[in-house]
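In: build me a structure from this.
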Amino acid sequence: MKARWRIPSRPRLRDVALSCVVVGLGASAAVAFRSTTAETARSAFRWLTPTHCVEVVCVLVIVAAATSLPPTDALFAPVVAALRAAGRAVSRLAVASPLVVLTVAMSIVAAVRIALGAAENLPVVLGDELVYVDLAKSFALFGEPLLRGRLDVGQSILYPLFLSPAYRFAPDGAVAYTVVKAMNAIVMSLTAVPAYYLARRILTTSWSLVAAVLSIAVPWTGYAVLSLTEPLFYPAFTAFALVFVLMLERPSLRRQLLVLVGLAVLVGIRPQALAVVGSVVAAIVVIGLTERALSRTLRVYLPTLAVVGAGLVAGLCASAAGVPVPTSGYSGLFNVHYGVVGVAKWTLWTVETFAVSTGVVALLAFPFALRRLLRRDAPPAERAFGLGALALCVGILASVAALSASPYGLGILHERNLFYVTPLLVISLAYWLANGRERHAPVALGLAVALAAGASLLPDRILRSTNNVDGPAASFVNAFKSVAAGPPVQLWIAVAVALGGAVVLLARRPLLPLASVVVAFAFVAPVTDYQGPLSTTQARRLAWVDHALPANATATLLHVDLTRPNLPCAEVDEYEQQGLLVWTEFLNTRVTRLLHVYDMRGRDNLSAPLLTARSDGVLLEGGQPIAPRFVVVDSRQPIAGTRIARFDLARIGSVFQGGASLTLWKADAPLRLGPVAAPLPPRADGGGC
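Out: The predicted structure is shown next:
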């Protein structure tokens, strides 16, 4: 039955009040959870070890097999009756107040992620996180996107702008980072809102709520702890999918303008959205071809096509002229020669691991849902959703495969570039379940066999090298080596695919397919629970530069490579010192630039200017002396000026890197290095190796 879609213009006062109470309780729970029971909850959260995962799956298989046999229905009659009663209660609640249900779900997800995020206080992905934090700081301080003092518009623009209020109003960079993690968690949980209204295009209220809740129960909400574009792009992409489907259903000028604005927002957040531009154009062409009226369709969508074409031409001209434009930081991907075989392999491998993350069921049910959605006699809303979901999924998958097949892909899987399509998959799954679970056994078997066979082609080196940020599912599967050393990792993927195929073919009720997705999310979620070596209090001490600087002043980090071949523990000390430099830049709002002297080695994977030193110690950039007012440098390296503050890493009690030390100077102009002590202390804090 076609569901009418509308945004309630006047929600009931009782629902609004109850939603406000839920939000308040969620915020209180996040604070209490974070400060008192976070570690206990994390221990329970991490209970799902590979061994326990196998045990849980075995129990679910036994229960599923038992409930699928008619003679045993009586044994499970009380359980089935209880589940049905719970389902009816949820349905009544959903019909009465979907606003409250969504608020409860979003508050829970945000509270959990805010609390768990308190365990990570350092950058995990270098140097992407440094890039976005530096850009956010420059927006907050100077009102323009500066990366280490230089204008940079080739990265994301809107995500740093989104973060900038935290760095504008927080007392220091460490507090700002805590606020950033909370902002990320909240904005990711808001994905439920566009997911709900997107689902309402084709589903009832109850099923729409199920799809919306699943959309924010995904394990990738763990990215909220990282200063990456994923938290903002996820809700933005889902909202774009909604306006895109609305445009495909009725291409009015207003809806086309909304799609164009949505495209601009997506590209401004994450350059990967250029693939979505291709999805929009492809969907328009498909409409014209299927309706055998291509010229008329092109005329209807002329505003969209004209603006997209003009934007692409302008981008190409600017790129040819060397003018920096948004997304230009990723222009190298367009200069790679892609082989068909290479892209096909990476597409298959990406789908393999992503299927594990979504319980396989959501992926296998997708073509069956599309078959019903795209039938000729389907209502316009269903056809629009089917075409939009297919176009967006293909576009995003193609962009991920191209990245993986390029040298920039580093030979690893990139699940974090693909998970944005999850709301489309879970909505399609809900549609399939709500409309009789129509399936074609040969097709389902063929898809399952193809995925299972493809698992054998996935090289071990790719699984081993993929980290838990880029590919949580690969890290999860790798962990099964601890369960049994004999079977190859690929066997576990094949087993997961076989179980998912069995659920699609044999499930008699919607409960088991939904449980499969939930269980898969729960299994992968602990992999995305990132924990660092420092507590929140220790990280706050790293914001020492913000507290030592005079009001409204900024500082420059100076990395002086003091490594000497005959110096004890020279390499270890240099590594430690670079780590402290990274942390100081990341956790201090008013550290806005980094410069290198003697060598550009760095742990941040980012470039910075390399200065030359004259015989009198004056530092030159581009042949000209520089004169920063405040400078942070290795404590062993004096400069002309006045010492203001010193920070030894050992003060925060870190057992990992305790020998690094930095000093904040008020520098004389021009910036000039002084002579170092001879012999040079083996470590920056003067301690021994």
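
In: contacting residues for Arg614?
Out: Leu620 (Cβ atoms under 8 Å, 6 or more residues apart in numbering). All C-beta atoms are positioned from the backbone trio N, CA, C, and that covers glycine.

In: go with 10 Å
Out: By Cβ atoms under 10 Å, 6 or more residues apart in numbering, the residues touching Arg614 are Leu620, Pro625, Pro670, Arg672, Leu673.

In: same check on Val400?
Out: Contacts of Val400 by Cβ under 10 Å, 6+ apart are 272, 275, 346-347, 350-351, 354, 409, 413-419, 421.

In: of these, which is the most crowded?
Out: Of all these, the highest neighbour tally under other Cβ atoms under 10 Å goes to Leu413, namely 28 neighbours.

In: right, and Tyr159 touches Leu226 too?
Out: No. In terms of Cβ atoms under 10 Å, Tyr159 does not count as a neighbour of Leu226; the distance is 11.5 Å.

In: overlap of the contact sets of those two?
Out: Tyr132, Asn184.

In: what residues sit buried inside the longest helix anywhere in the chain?
Out: As assigned by DSSP state H, the longest helix anywhere in the chain is helix 380-405. Burial within helix 380-405, assessed by neighbour count using 16 or more other Cβ atoms under 10 Å, is assigned to 381-397, 399-405.

In: give the next helix or strand downstream of that helix.
Out: Later in the chain than helix 380-405, the nearest helix or strand by DSSP states H and E is helix 422-434.

In: quick check on the contacts of Arg614: which are buried?
Out: Taking 16+ other Cβ under 10 Å as the criterion, what is buried in the contacts of Arg614 is Pro670, Arg672, Leu673.

In: relative to Leu214, which of these is nearest.
Out: Nearest to Leu214 among the buried ones among the contacts of Arg614 is Leu673, at 58.2 Å by Cβ to Cβ.

In: which strand residues bridge Phe666?
Out: Heads up, residue 666 is Lys, not Phe. Counting by DSSP bridges, Lys666 is bridged to Phe630, Thr642.

In: with Val631 as the reference, measure out to the closest residue to Pro625 other than its chain neighbours.
Out: Spatial nearest neighbour of Pro625, excluding adjacent residues (Cβ to Cβ, 6 or more residues apart in numbering): Pro670 at 3.5 Å. Applying Cβ to Cβ, to the nearest Å, the value for Pro670 to Val631 is 12 Å.

In: where does the prediction get shaky in the stretch 351-500 of the chain?
Out: Along the stretch 351-500 of the chain, the model assigns pLDDT under 70 to residues 481-486.

In: same check, this time on the stretch 1-150 of the chain
Out: In the stretch 1-150 of the chain, residues with pLDDT under 70: 1-96.

In: show me the contacts for the closest residue to Pro681 other than its chain neighbours.
Out: In this structure, Pro681 finds its nearest non-sequential neighbour in Arg636, 5.8 Å apart by Cβ to Cβ, 6+ apart. The contact partners of Arg636, taken as Cβ under 10 Å, 6+ apart, are 560, 562, 573, 577, 661, 663, 676-677, 680-686.

In: closest one of those residues to Leu511?
Out: Set against Leu511, the nearest of the contacts of Arg636 by Cβ to Cβ is Gln577 (56.5 Å).

In: that closest one belongs to a helix?
Out: Yes. Applying DSSP: H, G, I helix; E, B strand; the rest coil, one finds Gln577 inside a helix.

In: neighbours of the closest residue to it other than its chain neighbours, how many?
Out: Counting by Cβ to Cβ, 6+ apart, the nearest residue to Gln577 once its immediate chain neighbours are dropped is Ala660, at 4.7 Å. Using other Cβ under 10 Å, Ala660 is surrounded by 26 other residues.

In: ok, Val179 next?
Out: Under the neighbour criterion other Cβ under 10 Å, Val179 is assigned a count of 15.

In: quick one: it is in a helix?
Out: Yes. Val179 sits within a helix when classified using three-state DSSP.

In: surely it meets Ala166?
Out: Yes. Between Val179 and Ala166 a contact is recorded at 4.1 Å, counting by Cβ under 10 Å.

In: list the residues that contact both of these two?
Out: Common neighbours of Val179 and Ala166 (Cβ under 10 Å, 6+ apart) do not exist.

In: surely Gly342 meets Pro407?
Out: No. The criterion here is Cβ under 10 Å, and Gly342 misses it with Pro407 at 11.3 Å.

In: look at those two and report which has more neighbours.
Out: When Gly342 and Pro407 are compared for neighbours, Gly342 comes out ahead with 15 against 9, by other Cβ under 10 Å.

In: just give the nearest non-adjacent residue to the more buried one, would you?
Out: Of all residues not flanking Gly342 in the chain, Ala405 sits nearest, at 4.4 Å (Cβ to Cβ, 6+ apart).

In: now swap in Gly454 and tell me
Out: In space, and not counting its chain neighbours, Gly454 is closest to Leu348: 4.7 Å by Cβ to Cβ, 6+ apart.

In: please apply the same query to Pro675.
Out: Pro638 (7.4 Å).

In: against Val323, how distant is the one you found?
Out: Distance of Pro638 to Val323, computed by Cβ to Cβ: 43 Å.

In: same deal with Ala174?
Out: In this view, Ala174 and Val323 are 37 Å apart by Cβ to Cβ.

In: of the two, who's got more company?
Out: Taking neighbours as other Cβ under 10 Å, Ala174 and Val323 compare with Ala174 leading, 25 against 12.

In: picking that back up, now for Pro670 and Val631: what residues contact both?
Out: Taking Cβ under 10 Å, 6+ apart as the criterion, Pro670 and Val631 both touch Leu619.

In: what about the contacts of Arg636, which are in helices?
Out: Per DSSP H, the contacts of Arg636 map to helices at Asp573, Gln577.

In: can you report how many residues lie near Ala498?
Out: By other Cβ under 10 Å, neighbour count at Ala498 equals 15.
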